[in-house]
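In: From the sequence below, what's the structure:
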Amino acid sequence: MARSYNFSAGPAMLPTAVIERAQQEMLEWGDSGMSVMEMSHRGKDYMSIAQSAEANLREVMGIPDNYKVLFLQGGASSQFAMVPMNLLQGKSGADYLNTGMWSKKAVAEAKRYCDVNVAADTSEGGFCSVPTQESLKLNADAAYVHYTPNETIGGVEFDYVPETGDVPLVADMSSTILSRPMDVSKYGVIYAGAQKNIGPAGLTIAIVREDLIGNAMENTPVMFNYETHAKSDSMYNTPPTYSWYMAGLVFEWIKEQGGLAAMGEINQRKANKIYELIDSSDFYGNPVDKNGRSWMNVPFTLADAELDGAFLAGAAERGLVTLKGHRSVGGMRASIYNAMPESGVDTLVEFMKEFEQQNG
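Out: From the prediction side, this is the model:
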């Protein structure tokens with residue numbers, strides 16, 4: 001069976017080695033006599049899976065001891081509400097950086113719970129740039145500062161970590177987590193949906209500094225309170241057990257590849273190959289400022305949009321699939337998360353060159 005190169009923004013490609021191992025363990029995990037999908041989340045076998053996954057994530061990311069790692073449900077979109085519910089802690093407002101469709105949604109949800117100071121807004125430029133540190137209009141009394149380091153739809157990525165002083169920094173890292181080394185201690189909260197760099201859809205991970213847990217807003221639903229999950233080791237209710245197990249396999253796979261330093265080198269190299277082709281061509285274009293280009297999501301347009309259909313059809317014949325851009329942006333988008341092998345990017349670049357020669 002030939003596997004396609006899946007450039008989907010999510011659910012995205014998983015490492016072949018991870019899928020093969022899951023296949024081997026599908027009917028029976030270890031000598032348990034059952035599949036992981038059939039296990040009680042409170043049984044010793046599953047508890048060992050969960051504990052191993054967390055330990056490996058902590059090792060890979062270098063998560064300090066004073067942070068809780070929560071394995072949750074509800075997607076990153078639920079965090080748009082959980083963050084203000086848990087982090088306002090008596091304050092009336094929070095700062096948000098609006099740099100794309102996902103941060104825009106986070107702003108809209110936060111307005112239901114607090115006064116939102118939009119400390120940066122790149123919407124007038126079509127969300128094609130990253131605000132500079134100097135341009136951020138931060139409020140020293142804000143409960144927290146929220147930003148989206150990588151905007152999946154627009155292909156815009158911060159090339160720095162915003163400095164927020166004593167105000168906790170919150171990051172929606174759904175499409176950039178595990179893609180390179182990072183300093184977790186710079187953040188109050190990191191959250192991410194699993195379906196891009198972590199594993200299958202259904203799991204959401206939140207990494208929360210302990211001093212930010214335990215002061216949720218009055219009337220916060222039990223399931224939306226970080227303390228609920230921190231006290232129960234993410235086992236307050238039945239978690240997405242199979243997605244958690246698969247994420248654990250991915251964490252092991254990342255360690256086997258050499259950790260985040262190795263992943264970062266590969267990911268930067270993959271992105272550079274596509275951007276170098278785009279920049280050397282009049283046939284392809286990318287609207288994002290060069291200092292704000294994403295390593296994970298590369299949007300590009302063709303000089304003649306009427307050729308989009310032919311491009312997608314030709315790409316599919318090469319096993320290059322789900323390259324159609326988001327409906328709000330158009331054109332193409334190549335999402336090249338950790339699991340996308342460099343050979344997939346090489347095949348895409350070669351096809352792009354050939355298509356230009358034939359149609360340029």
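In: Against residue 358, how distant is the closest residue to residue 359 other than its chain neighbours?
Out: Computed as CB to CB, 6 or more residues apart in numbering, the closest residue to residue 359 that is not its neighbour in sequence is residue 307, at 5.7 Å. Placement of C-beta: from N, CA and C, glycine included. Noted for residue 307: a distance of 10 Å to residue 358, by CB to CB, to the nearest Å.
In: Could you give me the buried positions within stretch 314-328?
Out: For stretch 314-328, the neighbour count (16 or more other CB atoms under 10 Å) marks 314, 315, 320, 322, 323, 324, 325, 326 as buried.
In: returning to what we had before: which of residue 307 and residue 358 has more neighbours?
Out: Set side by side, residue 307 and residue 358 show unequal neighbour counts under other CB atoms under 10 Å, the larger going to residue 307 at 17 against 10.
In: The more buried one against residue 360, yeah?
Out: No: because the distance of 9.6 Å does not satisfy CB atoms under 8 Å, residue 307 is recorded as not touching residue 360.
In: hang on, the earlier thing: where helices are concerned, which of the buried residues of stretch 314-328 count?
Out: Helix and strand membership here follows DSSP state H; of the buried residues of stretch 314-328, those in helices are 314, 315.
In: Would you convert the buried residues of stretch 314-328 into CSV that also reports distance to residue 70?
Out: CSV is the format used below for the buried residues of stretch 314-328 (distance: CB to CB, whole Å):
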residue, distance to residue 70
314, 44
315, 38
320, 36
322, 30
323, 34
324, 34
325, 33
326, 29
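In: Can I get the buried residues of stretch 314-328 in CSV including distance to residue 268 and pLDDT?
Out: Shown next, in CSV, are the buried residues of stretch 314-328 (distance: CB to CB, whole Å; pLDDT from 0 to 100):
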residue, distance to residue 268, pLDDT
314, 27, 97
315, 23, 98
320, 21, 98
322, 22, 97
323, 21, 97
324, 25, 95
325, 22, 89
326, 23, 84
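In: what's the farthest-apart pair in the buried residues of stretch 314-328?
Out: Pairwise distances among the buried residues of stretch 314-328 were taken by CB to CB; the largest, 20.6 Å, belongs to 314 and 326.
In: Run the chain-centre distance for the longest helix along the chain.
Out: In terms of residue count, the longest helix belonging to the chain (DSSP H) is helix 259-279. In terms of CA atoms, centre = their mean, to the nearest Å, the gap separating the centre of helix 259-279 from the centre of its chain is 17 Å.
In: next structured bit after it?
Out: strand 284-285 (DSSP states H and E).
In: which helices and strands sit right next to that next one?
Out: Here strand 284-285 touches helix 259-279, strand 297-302, going by 3 or more CB pairs under 8 Å, 6 or more residues apart in numbering; DSSP states H and E.
In: how about the nearest residue to residue 123, chain neighbours excluded?
Out: The shortest distance from residue 123 to any residue other than its chain neighbours is 6.3 Å, reached at residue 98 (CB to CB, 6+ apart).
In: how near is the one you found to residue 199?
Out: Residue 98 sits 29 Å away from residue 199 when distances are taken as CB to CB.
In: helix/strand/coil for the nearest residue to residue 52 once chain neighbours are set aside?
Out: Residue nearest to residue 52 in three dimensions, not counting chain neighbours: residue 248, with 6.0 Å by CB to CB, 6+ apart. Using DSSP: H, G, I helix; E, B strand; the rest coil as the criterion, the local structure at residue 248 reads helix.
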